[in-house]
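Chemist: A structural model of the following input is requested.
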Amino acid sequence: MEKIIKTGICAYGMSGHVFHAPFIHVHPGFAFTAVVERSKHMAQERYPDVKVYKSVEEMLQDDSLELIVVNTPNYTHYEYTKAALNAGKHVIVEKPFTVASEEGQELVELAKSKGLLLSVYHNRRFDSDFKIVQQVISSGDLGDILEAEIHYDRYREELSYKKHKEAALPGTGGLYDLGSHLVDQALQLFGMPDGIWADIRIIRKESLVDDYFELVFFYDKLRVRLKCSYITREPIPSYQFHGRKGSFIKTKADTQETMLQQGLMPGAPGWGIEGIHEWGLIHTEKDGEVIRKYLPSPKGNYLEYFDGMYAAIANGAPVPVQPTDAVNVIRVIEAAFESSKTGSIVKL
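Modeler: The predicted model follows:
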């Protein structure tokens, strides 16, 4: 690749260490050039050539940087993205995009006015499990979908060691964190709903932030449920779709996060490939024949997001996740909190 995009990452916690630096490092079109670490030099232990800055503001003064990854605590996304755009940088923002949809829309308009690219890292679009879900839905093999349910459950009674995730601050809690993935996937599959009902609660003993939610999306004939609980020791299948012809049931089984946490680099042997025992079950009827079989998932690959971002910056292609999509995710989250507070269906 002729063009090398020098990139700076705003933080080197789990997001920077696991979900961004490895992909920027292995992609031939990017150079992991700079990172913000206020007290440690963990990034240099793995990437010796990276330059360490003590603040985001200091890093944004580096004229060599063309792309900035904003992966700081949720409530700072608006501030740092705005600062990066005003510094003339293209920006990738970790999900959730912003705390308020008005902030997200302002950033969309700012990027457009400056001729800069802005995208949000909804990486779960590139999970193996979601890829097979998209294929099955788009194939029409289930017929008209009447009911869908997507879960993101975990078992974690103890609070996270990441203090900013457990503090009662704007944008914290399960719905902004894990829920933004579920909402984005639902919107990708079915579009914006007509209305939303939600039940959002705190269920861990010492928690200050929401760690349980159930959302119901209302469409004409379709109902979509999104659920998350931090106290689910034995989760049910994460994807359930029921149509007039048949059903599809699937676990959340993408291997990439686990492989990244083990220290493997993208493209390692077996990258993003699910085990056979995780394949999804389709039970339907086609041409008068009843079919019940397990379907292999495509390979999960977050590198596809960075391929798309490179094509956008270098060749003028669309960004891999449009920021307007991410604004809609925040609109849904806002409506969900309003519904949970009032106990009513909120129209969109």
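Chemist: Please make it C-alpha for all contacts and neighbour counts, starting now.
Modeler: OK.
Chemist: what are the ranges of the strands in the stretch 51-200 of the chain?
Modeler: For the stretch 51-200 of the chain, applying DSSP state E, counting those that start in this stretch gives strands covering 51-53, 67-70, 90-94, 118-121, 145-151, 195-201.
Chemist: Out of these, which one sits most buried?
Modeler: Burial of those is given as mean neighbour count (mean count of other C-alpha atoms under 10 Å); strand 67-70 ranks first at a mean of 28.
Chemist: circling back: any chance of the strands of the stretch 51-200 of the chain in CSV, plus distance to residue 287?
Modeler: Below are the strands of the stretch 51-200 of the chain laid out as CSV (distance: least, C-alpha to C-alpha, whole Å):
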stretch, distance to residue 287
strand 51-53, 61
strand 67-70, 49
strand 90-94, 44
strand 118-121, 40
strand 145-151, 19
strand 195-201, 36
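Chemist: Same list (those) but as TSV, adding mean pLDDT.
Modeler: Below are the strands of the stretch 51-200 of the chain laid out as TSV (pLDDT from 0 to 100):
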stretch	mean pLDDT
strand 51-53	97
strand 67-70	98
strand 90-94	98
strand 118-121	98
strand 145-151	98
strand 195-201	98
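Chemist: contacting residues for residue 130?
Modeler: 124, 185 (C-alpha atoms under 8 Å, 6 or more residues apart in numbering).
Chemist: tell me the mean pLDDT for the lengthiest helix in the chain?
Modeler: In the chain, assigned by DSSP state H, the helix with the most residues is helix 323-342. On average, the pLDDT along helix 323-342 is 98.
Chemist: Pull out the buried positions in stretch 265-273.
Modeler: Buried residues in stretch 265-273, counted by 16 or more other C-alpha atoms under 10 Å: 265-266, 271-273.
Chemist: quick one on the thing from earlier: how far off strand 90-94 does the longest helix of the chain point, in degrees?
Modeler: 30 degrees (axes from the mean of the first three to the mean of the last three C-alpha atoms, to 10 degrees).
Chemist: what helices or strands is helix 323-342 leaning on?
Modeler: Helices and strands touching helix 323-342, by 3 or more C-alpha pairs under 8 Å, 6 or more residues apart in numbering; DSSP states H and E, are helix 101-114, strand 118-121, helix 179-190, strand 195-201, strand 346-347.
Chemist: Which elements pack onto the third one?
Modeler: What that stands for is helix 179-190. Taking 3+ C-alpha pairs under 8 Å, 6+ apart as the contact cut, helix 179-190 packs with helix 128-139, strand 223-229, helix 323-342.
Chemist: Compare the ones you listed and give me the one nearest residue 214.
Modeler: strand 223-229 (4.5 Å; C-alpha to C-alpha).
Chemist: How far does whichever helix or strand comes after the closest one sit from its chain's centre?
Modeler: Per DSSP states H and E, the first helix or strand lying C-terminal to strand 223-229 is strand 239-243. The chain centre lies 21 Å from the centre of strand 239-243; the measure is C-alpha atoms, centre = their mean, to the nearest Å.
Chemist: For the chain, give me the ranges with low pLDDT.
Modeler: 1 (pLDDT under 70).
Chemist: So which residue is dead centre in it?
Modeler: The centroid of the chain falls nearest to residue 122 when counting by C-alpha atoms, centre = their mean (3.0 Å).
Chemist: With that, I have no additional questions.
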